[in-house]
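A.B. asks: take this sequence and fold it.
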Amino acid sequence: MFKLQIDKIINQPGDNITLQLMPVDGNYPKYLAGQFLSLVFEGKHKEIRRSYSFNSSPDVDEPLSITVKRVENGEISRLLHHKTAVGDVLNALAPQGMFSYQIDEHLERDVFLFAAGVGITPLFSILKTALVLEKTSKITLVYSNRSKENTLFYDELVDWQEKYPDRLKIVWVFSNSKNLLTARLNKFYIIKLLKENLLLGNNNAIFYTCGPIIYMDLCRITLLGMGFDISQIKRETFVLPEDEVDEDDASEAKETDKNTYSIILNFQGETYNLDIPWPKRILDVALEHKIKIPYSCQSGVCSTCAAYCTKGGVRMDYNEVLTDDELASGRVLVCTGHPTENGTTIEW
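C.D. replies: Numbers count the residues shown, from 1 in each chain. Below you'll find the model as predicted:
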């Protein structure tokens with residue numbers, strides 16, 4: 001656990017604040033561009049964790065920073081926006097996340113970053129790292145917002161573009177634009193942007209997307225339709241799935257397994273035998289037994305709780321992060337996972 005003191009609070013457009021953090025003991029947490037920080041709070045009845053992507057880059061001389069959007073009825077976002085001050089100390093877990101940028105200073109490639117709203121935060125971190133540590137990569141940022149006035153990091157991004165005019169291009173997509181063809185990202189606009197900015201061929205391109213699920217689905221489906229491989233398309237989800245439930249889908253009657261199953265959980269050299277009753281998830285029961293397995297979002301969107309199912313089976317209510325190859329190898333998310341047979345074994 002890290003103790004991080006708030007060194008500065010910066011008010012940002014669009015109901016956002018940026019927190020600049022300093023380690024209390026001088027021990028900076030190591031992280032990769034694109035990863036997130038999980039803050040830990042003590043609630044009335046249980047521990048509460050919330051994850052926020054770094055908008056700072058570990059490869060640039062700048063303060064450790066996260067940006068928090070104020071969410072209506074969001075307990076922790078209200079706390080951070082209205083009840084924290086410079087000098088307050090926050091508890092944090094070690095940085096995590098698979099949405100990170102793998103540096104290759106000798107590889108010549110096109111890097112496309114698709115961001116919507118506060119989804120810019122991890123992509124800003126990636127953008128800075130790619131520009132600073134790589135010499136030949138070309139970066140195109142496609143950034144969607146309501147207006148220039150509502151755009152996070154607008155001035156900072158302009159500064160980076162002026163600093164790297166030959167390697168960074170920013171495409172601003174403002175929904176209040178009078179040009180309706182470019183006011184919102186759509187399939188045809190994505191195709192047009194790639195035709196204009198893809199310089200090194202399909203095989204030498206990589207894509208990072210961050211924003212609402214429907215926005216990232218648009219990007220992914222369009223890119224797959226253009227012939228890019230799924231391995232070239234990375235995504236990071238901020239919006240929890242329960243916030244995007246389709247009422248038509250929710251009304252469908254679905255067959256549910258309501259049985260209780262026993263599992264064997266192997267964690268940090270200890271073996272635990274647990275019974276998982278419906279509708280509880282594996283994580284729920286583990287926490288009830290004070291087993292300190294890693295977790296953050298509890299919604300299947302961050303990968304912090306990912307483990308391996310080495311025997312039996314696990315059904316997940318939601319999975320936004322594990323790929324087909326990872327699922328085939330036995331990777332599961334215990335925060336949304338339910339065992340499907342007795343003797344299911346979970347290991348880290």
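A.B. asks: ok, residues contacting stretch 103-115?
C.D. replies: 123, 126-127, 129-130, 133-144, 185, 194, 197-200, 204-211, 215-216, 219 (Cβ atoms under 8 Å, 6 or more residues apart in numbering). The C-beta positions use only the backbone N, C-alpha and C, and glycine is treated the same way.
A.B. asks: you'd agree residue 181 is in a helix?
C.D. replies: Yes. The assignment for residue 181 by DSSP: H, G, I helix; E, B strand; the rest coil puts it in a helix.
A.B. asks: quick revisit: out of the contacts of stretch 103-115, name the ones that lie in helices.
C.D. replies: Those of the contacts of stretch 103-115 mapping onto helices are 123, 126, 127, 129, 130, 133, 194, 197, 215, 216, 219, per DSSP state H.
A.B. asks: tell me, how many residues neighbour residue 108?
C.D. replies: 13 (other Cβ atoms under 10 Å).
A.B. asks: if we can go back for a sec, if any of the contacts of stretch 103-115 are buried, give me the PyMOL selection for them.
C.D. replies: Entered in PyMOL, the line below selects the buried ones among these, by 16 or more other Cβ atoms under 10 Å:
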select buried, resi 123+126+127+129+130+133+134+137+138+139+140+141+142+143+144+185+194+197+198+204+205+206+207+208+209+210+211+215+216+219
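A.B. asks: ok, which pair from the ones in helices among the contacts of stretch 103-115 is furthest apart?
C.D. replies: The span of those, defined through Cβ to Cβ, is set by 133 and 215 at 27.8 Å.
A.B. asks: just name the shakiest helix or strand of the protein by mean pLDDT.
C.D. replies: Least confident helix or strand, the chain: helix 247-250 with a mean of 32, by mean pLDDT, DSSP states H and E.
A.B. asks: continuing past that one, what's the next helix or strand?
C.D. replies: Sequence-wise, the next helix or strand downstream of helix 247-250 (DSSP states H and E) is strand 261-267.
A.B. asks: just to revisit the earlier point, which one of the ones in helices among the contacts of stretch 103-115 is nearest residue 80?
C.D. replies: residue 123 (21.3 Å).
A.B. asks: contacting residues around that closest one?
C.D. replies: Contact analysis of residue 123 by Cβ under 8 Å, 6+ apart lists 34, 113, 114, 115, 141, 208, 210.
A.B. asks: what is the end-to-end distance of stretch 183-201?
C.D. replies: 27 Å (Cα to Cα, to the nearest Å).
A.B. asks: and it, how far out from the chain middle?
C.D. replies: From the chain centre to the centre of stretch 183-201 is a distance of 23 Å (Cα atoms, centre = their mean, to the nearest Å).
A.B. asks: now do the same for the residue nearest to residue 294 when sequence neighbours are not counted: its pLDDT.
C.D. replies: Nearest residue to residue 294, sequence neighbours excluded (Cβ to Cβ, 6 or more residues apart in numbering): residue 304, at 5.2 Å. We have a pLDDT of 87 for residue 304.
A.B. asks: could you check how far the residue positioned nearest the centre of the chain is from residue 113?
C.D. replies: Centroid-nearest residue in the chain, with Cα atoms, centre = their mean: residue 236, separated by 3.6 Å. Distance, residue 236 to residue 113, by Cβ to Cβ, to the nearest Å: 11 Å.
A.B. asks: shared neighbours, those two?
C.D. replies: Counting by Cβ under 8 Å, 6+ apart, the residues touching both residue 236 and residue 113 are 208, 209.
A.B. asks: my guess is the residue nearest to residue 294 meets residue 283, correct?
C.D. replies: No. With contact defined as Cβ atoms under 8 Å, residue 304 does not count as touching residue 283 (10.2 Å).
A.B. asks: what residues are shared contacts of these two?
C.D. replies: Common neighbours of residue 304 and residue 283, using Cβ under 8 Å, 6+ apart, are 295, 335.
A.B. asks: residue contacts, residue 228?
C.D. replies: Going by Cβ under 8 Å, 6+ apart, the list of residues near residue 228 reads 202, 205, 207.
A.B. asks: how about these in CSV, adding pLDDT?
C.D. replies: What follows is the contacts of residue 228, written out as CSV (pLDDT from 0 to 100):
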residue, pLDDT
202, 93
205, 96
207, 98
